[in-house]
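J.: any chance you could fold what I've pasted below:
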Amino acid sequence: MAWILVPLATLTVIGLAVLWPYTGPQTIATDQPARRDATVTAVQPQPCTQRTSRQCGSVTVRLTSGPQSGQTVTATIPEGPGSPVVEPGDKIIVGDNEAPGGPPQYAVLDHQRGLQLWILLGLFALVIVAFGRWQGLAALVGLGVSFAILLAFILPAIAVGKPPLLVAIVGAAAIMFAVLYLTHGFSVQTSVAVLGTLVSLTLTGGLAVAATEALHLTGFGSEDTGLLAVFLGEIDPRGLLLAGIVIGTLGVLDDVTVTQAATVGELAAANPSLGARGLYRSATRIGRAHIASTVNTIVLAYAGASLPLLLLVIIGGQSAGTILTSEFIVDEIVRSVVGTIGLVAAVPVTTGLAALVTAQRHKA
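T.: Residues are numbered from 1 along each chain as shown. From the prediction side, this is the model:
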């Protein structure tokens, strides 16, 4: 295992060094107004000109950030769908529109959610640590490492023009090595899961490339990619699609590989007489049940994330064939199908490797 994993880990470190965005991405200048924290002290409702508005008029607020902190000003409530509904005492964010030669104009932008979000995250961490104990704490640290690699390496590297697919592969490998060993410890069982994840991730990446080529996908299946192409110019939209598939699949792959490696270990401990074949057969039956439920989870996760898009498709009045073959739908189908095939492949690969290693250790 070491003869295989050490060179792969070394290649990952080299990839990080070569692809690292040393200059950092260039920020894009926008004409967005400055954002100021404020507290609503009074609401002055007015009739709405648009029927879809939920609340119109203006509010009196006390600014709590910025150069005018402590002052009381009037801010307008924007009309239209999604306009914030505010009440006296609400903590909100207002936009400070600097008017040339005149006083600043304020408009309600959003609610402040920092405190509520921190409480929710604290509850999340408490539940994880209470149930997982030290391993749960290690999992939280691993989650932090994943976000750190994503925000410090993957996104900035793509933004400065590095190949998205290559960046995603190197970043996914770095996340996998760091998180799996940090969460589950340095052991043969964890090494089996790491190797199984690498093999399955490689298969997933290759299949994703073949599928996007065969289906002539451009990567412009969403408006977000179009905006990135306008702002960044040289970005590879198809590579960005492939990078998303690789990173998205990794999050479920390590679940399957760790579970299969642990299953083989528990089966061997419960029945030491089982050989490699017996361990493989028993663990594979468990893996089939796991995959059957995971497939449904992946499809529903994508459907839930794309619910507004699916609603727009339904009310568009187009035929089912036209809808299903449109690129913005095919992108999601490819994500689901390719990711699922990678998961299915992870079961026999990881289980077979774990069975061989475990059987040899018991013989020794």
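J.: could you use CA atoms for every contact and neighbour count after this?
T.: Fine.
J.: hey, where'd the strands end up in the protein?
T.: For the chain, strands defined by DSSP state E occupy the ranges 34-45, 57-63, 72-77, 91-97, 105-111.
J.: now do the third one against strand 34-45, angle only.
T.: In this case it means strand 72-77. 80 degrees (axes from the mean of the first three to the mean of the last three C-alpha atoms, to 10 degrees).
J.: does G161 touch I235 like I think?
T.: Yes. Between G161 and I235 there is a contact under C-alpha atoms under 8 Å: 6.1 Å.
J.: now the strands of the chain in TSV, with mean pLDDT?
T.: Below are the strands of the chain laid out as TSV (pLDDT from 0 to 100):
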stretch	mean pLDDT
strand 34-45	88
strand 57-63	89
strand 72-77	88
strand 91-97	87
strand 105-111	87
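J.: would you list those in a markdown table and tack on mean neighbour count and distance to H216?
T.: Conversion of the strands of the chain to a markdown table gives the following (neighbours: other C-alpha atoms under 10 Å; distance: least, C-alpha to C-alpha, whole Å):
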| stretch | mean neighbour count | distance to H216 |
| --- | --- | --- |
| strand 34-45 | 18 | 42 |
| strand 57-63 | 21 | 50 |
| strand 72-77 | 19 | 45 |
| strand 91-97 | 21 | 43 |
| strand 105-111 | 20 | 40 |
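J.: now the ones you listed as a markdown table including distance to S83?
T.: Formatted as a markdown table, those follow (distance: least, C-alpha to C-alpha, whole Å):
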| stretch | distance to S83 |
| --- | --- |
| strand 34-45 | 14 |
| strand 57-63 | 11 |
| strand 72-77 | 7 |
| strand 91-97 | 13 |
| strand 105-111 | 8 |
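J.: how about the ones you listed, which one is nearest S293?
T.: Of all the strands of the chain, strand 105-111 sits nearest to S293, with 37.9 Å by C-alpha to C-alpha.
J.: give me the pLDDT value at the residue most central in space within the chain.
T.: In the chain, the C-alpha closest to the average C-alpha coordinate belongs to G248, at a distance of 6.4 Å (C-alpha atoms, centre = their mean). Per-residue confidence (pLDDT) for G248: 84.
J.: now do Q50
T.: On the pLDDT scale, Q50 gets 63.
J.: and for A208?
T.: Model confidence at A208, given as pLDDT, is 89.
J.: how many neighbours does it have?
T.: By the other C-alpha atoms under 10 Å criterion, the neighbourhood of A208 contains 23 residues.
J.: look at G161 and I235 and report which has more neighbours.
T.: For G161 versus I235, the count of surrounding residues by other C-alpha under 10 Å is larger for I235: 20 against 16.
J.: wait, doesn't the more buried one sit right on L228?
T.: Yes. I235 lies in contact with L228 (C-alpha under 8 Å); the separation is 7.4 Å.
J.: all the helices of the stretch 101-250 of the chain, residue numbers only.
T.: For the stretch 101-250 of the chain, the helices defined by DSSP state H, counting those that start in this stretch occupy 114-149, 155-159, 164-184, 188-214, 223-232, 237-270.
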